[in-house]
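> The sequence isn't on hand, but the structure is:
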């Protein structure tokens, strides 16, 4: 992640607000990488849902809140290369917890645990960071280009203010996210088409 010269200053503002609102667990400022520069400037005060766990801040209270369940997950994937983690074991584990992440990746799992604990993950609409991971565990050059990370434009304008969601909007987000993770329990075979085959292998 290449950070703009504004990134850390804006992160300080995000963190300061998140500290006083226990419904906010994570913040970041890498933004909507699809947005052209003019749209970023027009929406430079806007706060949106955070997706990837990149260049983010995790509030200590949230880390403590989700640590017990995260530790259980990490124990499941320890001892093997991350790419060879036991998907069936992870899926079965979350079935016992009464909710299901959208994937078995550590970011998806930590996000789902945060949501179930009553917290959201938020970030700026403007891009103050540019992802450059063309090759790695989760990306190839083709995937990187297909997702248009190569066209990300860094915003050169800082917001005069940040338009945070209201308490009612935060409550609505949290309720919707929790509902989605619970409903995923009935969608295991759609989310993980390999599940039955691996489980019965």
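Everything's here; your move. Remember, predicted model here, so these are calculated numbers, not experimental data.

> Okay, buried residues for stretch 116-132 please.
Within stretch 116-132, the residues that qualify as buried are 116, 118-131, counting by 16 or more other Cβ atoms under 10 Å. Backbone N, C-alpha and C define where each C-beta goes, glycine included.

> just for the protein, where's the confidence low?
By pLDDT under 70, the chain contains no weakly predicted segment.

> all helices for the chain, in order.
Listed in chain order, the helices of the chain (DSSP state H) span 7-19, 37-42, 60-77, 87-97, 106-116, 141-146, 167-183, 188-191, 195-199.

> between these, which one is nearest to residue 155?
When the helices of the chain are ranked by proximity to residue 155, the top entry is helix 37-42, at 4.5 Å, counting by Cβ to Cβ.

> just checking, residue 149 touches residue 33?
Yes: under the criterion of Cβ atoms under 8 Å, residue 149 is in contact with residue 33, at a separation of 5.9 Å.

> tell me, what's touching the two both at once?
By the contact definition Cβ atoms under 8 Å, 6 or more residues apart in numbering, residue 149 and residue 33 are jointly contacted by 130, 131.

> Out of the buried residues of stretch 116-132, which comes closest to residue 107?
Within these, proximity to residue 107 (Cβ to Cβ) peaks at residue 121, which comes in at 10.0 Å.

> Quick one: residues contacting the closest one.
Residues near residue 121 by Cβ under 8 Å, 6+ apart: 25, 26, 27, 28, 49, 50, 56, 111, 114.
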